[in-house]
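Engineer: here's a sequence, model it:
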Amino acid sequence: MKIVRLVVLLAVLIGGLVIGSLNSQAIEISLAFWVLKTTSGIAIIASLLLGALVGGGMVMAGLVVPMYAKLRRANKAAATASPEPATPAAQAPSPFDGR
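Structural biologist: Numbers count the residues shown, from 1 in each chain. Okay, the predicted model is just below:
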């Protein structure tokens, strides 16, 4: 599994290097009050990263957090529904007397 992760990491790194080197034109991104001067390759990679982060956040907010809440409620309901095992009132004396 670690080898697969390493291969994927290297593929993404090589892809980023290729995108950055093939798209080296200078661009200006005009935002409301300031202008960001960068290359088109960095702008492409940054927008992909920002899109992945926003998409991951939406998945977390829309699916993962409600599922964890549902799981917590189910665990709490299961804990209150099943009584704890009864402890014996009188335990038999231990053969070991502690000396």
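
Engineer: hmm, who's touching the helix or strand residue 48 falls within?
Structural biologist: Using DSSP states H and E, residue 48 maps to helix 40-59. Residues outside helix 40-59 that contact it (CB atoms under 8 Å, 6 or more residues apart in numbering): 16, 19, 20, 21, 22, 23, 24, 25, 27, 29, 38. C-beta: built from backbone N, CA, C; applies to glycine.

Engineer: so how far is it from its chain's centroid?
Structural biologist: Chain-centre distance of helix 40-59: 15 Å, with CA atoms, centre = their mean, to the nearest Å.

Engineer: shift numbering so it begins at 42
Structural biologist: Taking 42 as the first residue, the last one we looked at is helix 81-100.

Engineer: in it, what counts as buried?
Structural biologist: 81, 82, 83, 86 (16 or more other CB atoms under 10 Å).

Engineer: quick check: the gap between the first one and residue 87.
Structural biologist: Right, the one you point to is residue 81. Going from residue 81 to residue 87 by CB to CB, to the nearest Å gives 11 Å.
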